[in-house]
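# Prediction below, plus the sequence it came from.
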There are 2 protein chains.
Amino acid sequence: MRDLSADAFLRYLSLNTGTVRAQDDLLSIMEAAQRHGISVISPWRDQVAAVGLDRVVAAVRDGGFSLSGYCRGGLFPADAAHRAEVRDDNRRAVDEAAALGAPCLVMVVGGLPHLSRPGSAPSTDIALSRTQVADGIAELLDYARAADMPLALEPLHPMMAPERSCLCTLRQALDLCDAIDPERSGGLGIALDVYHVWWDFEVMPQIERMGADRMLAFHVCDWLVPTTSVLSGRGMMGDGIIEIRKLRGAVEALGFDGACEVEVLSDDWWARPLDEVLSVMVERYRTAC
Amino acid sequence: MRDLSADAFLRYLSLNTGTVRAQDDLLSIMEAAQRHGISVISPWRDQVAAVGLDRVVAAVRDGGFSLSGYCRGGLFPADAAHRAEVRDDNRRAVDEAAALGAPCLVMVVGGLPHLSRPGSAPSTDIALSRTQVADGIAELLDYARAADMPLALEPLHPMMAPERSCLCTLRQALDLCDAIDPERSGGLGIALDVYHVWWDFEVMPQIERMGADRMLAFHVCDWLVPTTSVLSGRGMMGDGIIEIRKLRGAVEALGFDGACEVEVLSDDWWARPLDEVLSVMVERYRTAC
């Protein structure tokens, strides 16, 4: 298991730029990251769109950055009137990820149609959402493979199921991988975020089941007690109760040696100065991951 | 499947008295329930203790009430210094449930020790909590069987794992039943609350696996969008996105014909007049369950 406190391992720290989305635009965030020795990022689509894809591509190249992922494709559940829009939107996400040189496109698959794709007719049929997700992933996978862009399915915490993701556990995500790609021919795997899976009694055996070939991205933050917001109440590593090191040990035991991506979506941290957040983040990466 | 809108089925409506815990004491809640034609309740231990067990036993008998459960035993994770206290506390819960004529003791098993049993040394070892829960249930089961009191394990929503329950899914709960009682000799089963399990892609096959013999209690409320409180943000049936009828249909298909227990733990509903809550509850029981 890697010793992240050593200077040599700072290069595996990735900043998910959603962590400081409230403080500044993406180009300024990238400049700040460089000040703190961070050369890996995982940007969000809306942050890229706000400054322009071409400018971000240039900033990545000129700044010597690499990506650990691109956030995000998905949000498949939709009514019939919105399905073409969903397909096109996801193909654009693949294209953007490829232009940025991302190693994978993170997939937040969506929950109920009217909550995932506003304007869709309301439905509480979550089983139907799961079917639409499976169909959507399978269809997008052909396009993504042609672009050589792996899709990283991210199971999200069950409390986010209505708005964000009817894909809630690692078992469910791996079942979906097996159904769509039974021969493990590649291009489809998992983005594993400790925040979403720490509670699951099956997470360790399911990590083993996953295998290195399907382990595409590893995200960290912490679970605060109490948690006061369902969507933006995450904690900085070390401030909560997740056994991050045990989970990292399990994925590294598979052979995973990719980035440790910090994604703290938090009203609290969004209200602090950018450099303060990055400074604490680097320190906690060394001591609490 | 029963048609709960018919008058004849009002007798299957159970009031979990936590739903109106803020409004009045248990004896007054029981009087109010009678005014609304409700003759089944599921009281909480602290509500019983506040007015005295003997008085509640008398009020149940004199008012012609029956119980659908007793809330609650459990909270097993604890440090060594608190383990005897946990054991004794759970045995008292069994005794109280028996005195009240409850058909089962609902078990909320606990999360991390310092959060479940304040005063215990802090720990983030959730795997250890699971072991302590398994040991605690197995030990209590002997005592509970001697008192002829079934233990109903309630898997709780994963967002409540740190404070309330490291038992988070129906699969996990049934695995635990199988481990402790492989011969299904009885006295151990499940309290299934739609709020905790609706998101789970496996809930339907796991209900089938459960079988009627392990189906001890059925709880309803609704999941609100957005959900603004992790512990007390539940909705009244019909106000949220849970497909209650599908889940009730699945448990009734097993042969379950027990009560439909309404447990709405909600800052919003706690702030409304007692009779208003009960009136809406009866109407929603008829139309949204």
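Now that the structure is in, tell me what you want to look at. Numbering: from 1, shown residues only, chains lettered A, B, ... in the order given.

# now the helices for chain A?
Using DSSP state H, the helices of chain A run over A:26-35, A:45-51, A:53-63, A:83-100, A:113-116, A:126-146, A:170-180, A:194-197, A:203-210, A:244-253, A:267-270, A:274-288.

# what's residue A:273 in contact with, if anything?
residue A:23 (Cβ atoms under 8 Å, 6 or more residues apart in numbering or on different chains). In this view, the C-beta of every residue, glycine as well, is placed from N, C-alpha and C.

# next one: phi and psi at it?
Main-chain torsions, residue A:273, degrees, to the nearest 10: phi -60, psi 140.

# Quick check: it vs chain B, distance?
28 Å (Cβ to the nearest Cβ, to the nearest Å).

# Determine which stretch of the helices of chain A is the most buried.
helix A:194-197 (a mean of 25; mean count of other Cβ atoms under 10 Å in any protein chain shown).

# what packs against that helix?
strand A:215-220, helix A:244-253 (3 or more Cβ pairs under 8 Å, 6 or more residues apart in numbering or on different chains; DSSP states H and E).

# Distance to residue B:208 for those - can I get that in TSV?
Below are these laid out as TSV (distance: least, Cβ to Cβ, whole Å):
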stretch	distance to residue B:208
strand A:215-220	32
helix A:244-253	31
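
# Any chance of the helices of chain A in CSV with mean pLDDT as columns?
Converted to CSV, these look like this (pLDDT from 0 to 100):
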stretch, mean pLDDT
helix A:26-35, 98
helix A:45-51, 98
helix A:53-63, 98
helix A:83-100, 98
helix A:113-116, 96
helix A:126-146, 98
helix A:170-180, 98
helix A:194-197, 98
helix A:203-210, 98
helix A:244-253, 98
helix A:267-270, 98
helix A:274-288, 98
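
# Would you reformat those helices as CSV and include distance to residue A:260?
As requested, those are arranged in CSV below (distance: least, Cβ to Cβ, whole Å):
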stretch, distance to residue A:260
helix A:26-35, 15
helix A:45-51, 20
helix A:53-63, 19
helix A:83-100, 20
helix A:113-116, 28
helix A:126-146, 24
helix A:170-180, 18
helix A:194-197, 10
helix A:203-210, 15
helix A:244-253, 7
helix A:267-270, 17
helix A:274-288, 7
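
# Which of the ones you listed sits closest to residue B:138?
Proximity to residue B:138, assessed across the helices of chain A by Cβ to Cβ, is greatest for helix A:203-210 (22.1 Å).

# For the stretch 51-200 of chain A, what lies in contact range of chain B?
Within the stretch 51-200 of chain A, the residues that sit near chain B (Cβ under 8 Å from any Cβ of the partner chain) are A:112, A:115, A:124-126, A:130, A:157-159, A:161-163, A:166, A:168-169, A:171-172, A:175, A:198-200.

# Now residue A:197: closest residue in space that isn't a chain neighbour?
residue A:203 (4.9 Å; Cβ to Cβ, 6 or more residues apart in numbering or on different chains).

# and that neighbour, what is it in contact with?
A:170, A:197, A:247, A:250.

# Between the helices of chain A, which one is closest to residue A:1.
Nearest of these (Cβ to Cβ): helix A:244-253, 5.0 Å.

# helices or strands up against that closest one?
Against helix A:244-253 (3+ Cβ pairs under 8 Å, 6+ apart) you get helix A:194-197, helix A:203-210, strand A:215-220.

# hmm, back to that, quick one: which of the contacts of residue A:203 is nearest to residue B:53?
The nearest one, if we look at the contacts of residue A:203 relative to residue B:53 and count by Cβ to Cβ, is residue A:197, at 42.0 Å.
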